[in-house]
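> Next one to model:
(2 chains, ligands or ions: 2)
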Amino acid sequence: MIAKAPRLTTGLAEELVRIVGDDAVITDPARLMVYESDGLTAYRYPPRAVVLPRDGDETARVVRAITAERVPFVARGSGTGLSGGALAVDGAVVVCTARMNRILELDLHNRRARIQPGVVNAHLTAATRPHGLYYAPDPSSQSACSVGGNVAENSGGPHCLKYGVTSRYIRGLDVVLADGSRVYLGDRGLDTGELDLAGLFVGSEGCFGIAVEIDVELLPLPQATHTLLGIFERLEDAGRAVTAIIADGLLPAALEIIDQATIRAVEESIFAAGYPTDAAAALVVEFDGIEAGLEAEAARAEAACLECGAREVRRATSADARAALWKGRKKAFGAMGRIAPDLLVQDATVPRTRLPDVLAEIAQIGVRYDLKVANVFHAGDGNLHPNILFDRRDAAEMERVERASKEIMRICVEAGGTITGEHGVGLDKRDYMSLIHSDDTLWAMESVRRVFDPAGLCNPGKVLPDRIRNAHLAGVGEAGSESARATVPAGATA
Amino acid sequence: MSLEALEDASAVRDDEGGKEPAGGEANPGDAPAMNGGAAAVARATEAGGAPVVAPRTVGELSNLIARASRDGRQVRFIGNATSLPAGYLDRPVDLVVSTRALDTVHAYDPADLTLTADAGVSLGQLERVTADQGQWLPLDPPGRARRSLGGVLASGAYGPLQGKFGTPRDHVLGLTLVTGDGRVLELGGRVVKNVAGYDLVKLAVGSSGRLGIVTSATVLLHPLPVRDVTLLYQTPRLALAVVLARSLATAPLRIPALELLAGHGEEPTVAVRLLGSPEAAAESERILNARVGRKASRRLEGEASARWFAALERFEDDAAAVARVSHLPSRLGDLVEPAVECGTVAAHVSLGVLRVAVRGPGASAAAVFDALTRLRDNVAQAGATFRVSRANIPRWPAPEPAAAPGVLALTRGIVDSFDPAGVLSRPAS
Ligand SMILES: Cc1cc2nc3c(=O)[nH]c(=O)nc-3n(C[C@H](O)[C@H](O)[C@H](O)COP(=O)(O)OP(=O)(O)OC[C@H]3O[C@@H](n4cnc5c(N)ncnc54)[C@H](O)[C@@H]3O)c2cc1C
Ligand SMILES: Cc1cc2nc3c(=O)[nH]c(=O)nc-3n(C[C@H](O)[C@H](O)[C@H](O)COP(=O)(O)OP(=O)(O)OC[C@H]3O[C@@H](n4cnc5c(N)ncnc54)[C@H](O)[C@@H]3O)c2cc1C
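Ligands and ions are numbered 1, 2, ... in the order given. Below you'll find the predicted structure:
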């Protein structure tokens, strides 16, 4: 879908140039094309303009200038988002953090860093590693995605099974709100009596404001790492092995599954990792921490894999050998890009024990809609990524992709799961929100958003279904949605 | 107030208040619950004549609050009523709602490490249920065993184990919140990773009942550690203990719990708790001893280790007042000395939070006021934040420094959207 964006008024264009300089304001349609989509390539929304401020002050002035004209804006980091969160709907101006890429302070004593939001995730770890520290959340896109984007999406990654997702590591956020004011959100709800506003901001998908400085917590590097690769004849067996490992009381750092379609895509590509192409699934298991305990844990995990039917388990401890075992997992997305013009990276979570049945059902959905579905996912967290391969130019196929996606969401929700584990709702999944949330809850979310952004100019058209936003614009009573008004008699709002 | 609403709700009435909660852990008899339990509820009942009701279902509770909201009646929530904020029940209250009768464990899936329980279930009850499956909820706030799940989540209370496992926000996958106008919101879910919409769970956790009442929650459990070891390093000089604690805190390890105790009638003590496989625990111990160039003064293992930290959960029990001081962890040394002058200190070393308990027979209201004032002034010089958690004095001035204006405006807006009629507790003014 391609929409057309209105143009900037001359007054606003001049003002933006005054604030950031003319090399940091993009209005040329040809150059804007780079910013019209993100990792979710099916949608295209050319922005009205792109502005690239260098720090929080410039960002505040830019946002104030934009919203003074009642023009909407959307923050953008590296544009790797997979739910369309950074798309410029409603003719928004994109405020891109790419030039805000400095590490402002590295506080080794307190294992913290203060960074600008455009710092690339992997760069932060690279900068802290020489000091024996690292930034734990490691999305598979970490060599490209920004920490600001990670904050907005509450991103996870392979090692979040043991270490937890982004919200665990954010100590505080300096935020520019839609009116251009700046506020520091911190304290992470440490029984201070303050609301955990930083916790709320994490995962708000750019709808509450722009994070312009981020205080993150760093961890000491693990002393050692052991990696295993289990090769399975049946996908369900790999799923059962995941449950068996956890049931044994083990907490691996990562538990990742790659299915046959993915293995074949990788092995046929230049990234060939030496995974057997006749295997139904490969399971990467990793343990890290104090060297002394790892060997025993790895041995227990190996036994669990074999008991669940693994035909082979490979093990590695050196950095190179480990990288080889991980290669098929790490190159999965790149390899899939080669076998079909388009790739829809789906994302949902189910209770871990439901993985085997849900995977079987997803396979059936693929067959039923005649679509190629390749799974590569964070199995330990029950976080599925059924990736659908297709060709956007084939309208009939697009339609089947749409229907299959919806069915996948439905079975995940029915299994007690949710519609997104880490990629966010964005533009893409707004209409699935009602599968898991009541209107009352959606209304509560919209009400909170309006506290941060009363005029609705900050990343509009994302996360919540349009009918919730429209209901708000239409000024439905304070008590909330229809159902809330039914239970709260008139006059409840004194 | 008219009791019609309460009768309609057919809830459990509890006019004596403060009855021992079902399944409560034996409270050490020597704890003169200053601000707590029966005393607090009795005071509330005396002061405002407010009835205490304990609805049995979320539906009853929702109706009750919707009516109160409509009639503009002031409502307060209590779990087991022993960690209420200072002054919580002193202001006029029309109705006290207790989660005491919401006391069921609804779902426990050991293989998924998740458990869903009512807010009124105590952490002690949860422990008994999960221990059978070799699992636990590694959350150890002061007074853990008797505290209600809802109360702990609402207050955001945590203990030494936060060093590895985090605070309540990190343990909760989802919860049910009945808002100040009676809406029943199911927030979050039952799976470990979930980013479907804004994270209102984070907002509810630690909100101290200002947004609504938590009626149930789903928490993430962990396997019980195979080895549990406590290392106690003692040294006569406080300054040395601080250096030792900081040195341990910056060792290249993740230490599950690292506490510094001072002014507690023994030599200053640094306590380290190691959890995990026997091999890893032994190796961690070796690394730590090498780092500080000495062995621990005492070493406890298994039950004894767990018991030592369980005793620390009672640190606040017999205190006349407890204050919390926080700063960057590296500033520990600037805070401990002035804190010890005012009371007993237990510090979460890696977090940079000190708990200071004022106690003793001489702790009259005037003495407590004096100790807290001195502490506040001393730590203010070091740039730390200071907050009174509870005290046996009627009034304590508003926290200093008050939150920034931008934060206050956001907080007010959010509270208004959950409690439009303003019937729930507001931040102390
Ligand atoms: C190959 C591939 C693998 C991936 N693997 C993972 C994975 O393992 N785990 C995972 O969680 N995700 C993964 N992702 C998704 C994506 O990389 C993450 O969501 C990432 O956090 C997005 O960062 P970004 O800088 O690209 O953000 P963008 O795509 O630019 O923006 C994403 C959202 O963040 C908002 N935003 C950006 N910066 C700010 C800011 N400073 N303040 C406020 N809002 C802001 C935007 O408005 C938008 O809503 C993957 C993506 C790809 C393409
Ligand atoms: C002097 C003293 C001695 C103590 N001694 C012991 C002891 O010996 N052993 C022991 O185990 N514990 C002890 N405790 C701790 C005590 O048991 C806990 O503090 C208490 O149980 C906390 O949980 P609660 O459920 O009672 O919360 P409450 O104290 O009732 O409430 C705390 C806060 O949370 C809010 N709140 C409570 N429930 C909810 C809810 N469901 N939803 C929303 N908001 C809610 C309240 O409004 C209030 O703001 C002691 C505490 C004190 C102060």
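
> Confirm B:Leu232 sits in a strand?
Yes. Using DSSP: H, G, I helix; E, B strand; the rest coil, the assignment for B:Leu232 is a strand.

> what's the domain layout of chain B?
If you go by automatic domain parsing, the domain ranges for chain B are B:3-98, B:105-223, B:227-391.

> Just name the most buried of the ones you listed.
Mean neighbour count, computed with mean count of other Cβ atoms under 10 Å in any protein chain shown, is highest for domain B:105-223 among these, reaching a mean of 23. Every C-beta, even on glycine, is put in place using the N, C-alpha and C of the backbone.

> That domain spans what distance, first to last residue?
19 Å (Cα to Cα, to the nearest Å).

> Quickly check: that domain near ligand 2 or not.
Yes. Residues of domain B:105-223 contacting ligand 2 under Cβ under 6 Å from any ligand atom: B:119, B:143-148, B:150-151, B:154-155, B:208-209, B:213-214.

> can you list the weak-confidence ranges in chain B?
Judged by pLDDT under 70, chain B has its weakly predicted residues at B:1-49, B:80-91, B:394-401, B:426-429.

> picking that back up, out of the residues of domain B:105-223 next to ligand 2, which is nearest to B:Ser330?
B:Ser155 (27.5 Å; Cβ to Cβ).

> on that earlier part again, now, the residues of domain B:105-223 next to ligand 2 that are in helices?
Among the residues of domain B:105-223 next to ligand 2, DSSP state H puts B:Gly150, B:Gly151, B:Ala154, B:Ser155 in helices.

> from these, which are also near chain A?
By Cβ under 8 Å from any Cβ of the partner chain, the members of these lying near chain A are B:Ser155.

> Quick one: name the residues of chain A near ligand 1.
Counting by Cβ under 6 Å from any ligand atom, the positions of chain A adjacent to ligand 1 are A:38-39, A:74-82, A:85-86, A:97, A:117, A:139-141, A:145-146, A:148-150, A:152-153, A:155-157, A:205-206, A:210-211, A:333, A:422-423, A:459.

> Show me where the stretch 101-250 of chain A has its helices.
A:121-128, A:147-153, A:160-163, A:197-201, A:235-247 (DSSP state H, counting those that start in this stretch).

> Most tightly packed of those helices?
By mean count of other Cβ under 10 Å, the helices of the stretch 101-250 of chain A have helix A:147-153 as the most buried, with a mean of 30.

> which residues sit against that helix?
A:75, A:77-78, A:80-81, A:83, A:85-86, A:97, A:100, A:115-121, A:124, A:135, A:137, A:139, A:155, A:166, A:170, A:173, A:201-206, A:210-211, A:214, A:216, A:422-424, B:195 (Cβ atoms under 8 Å, 6 or more residues apart in numbering or on different chains).

> which of those residues are buried?
Using 16 or more other Cβ atoms under 10 Å in any protein chain shown as the burial test, the contacts of helix A:147-153 include A:75, A:77-78, A:80-81, A:83, A:85-86, A:97, A:100, A:115-121, A:124, A:135, A:137, A:139, A:155, A:166, A:170, A:173, A:201-206, A:210-211, A:214, A:216, A:422-424, B:195 as buried.

> How about the residue of the stretch 201-350 of chain B at minimum distance from ligand 2: what's its closest non-neighbour residue?
Going by Cβ to the nearest ligand atom, ligand 2 is nearest to B:Gly209 of the stretch 201-350 of chain B, at 3.2 Å. Closest residue in space to B:Gly209, ignoring its immediate chain neighbours: B:Phe77 at 4.3 Å, by Cβ to Cβ, 6 or more residues apart in numbering or on different chains.

> Can you tell me the SS state at the one you found?
With three-state DSSP as the basis, B:Phe77 sits in strand.

> Distance check, the residue of the stretch 201-350 of chain B closest to ligand 2 against ligand 1.
Between B:Gly209 and ligand 1 the distance is 30 Å, computed by Cβ to the nearest ligand atom, to the nearest Å.

> For that residue, give me its contacts.
B:Arg76, B:Phe77, B:Ala154, B:Leu424, B:Ser425 are the contacts of B:Gly209 under Cβ under 8 Å, 6+ apart.

> No further queries at this time; thank you.
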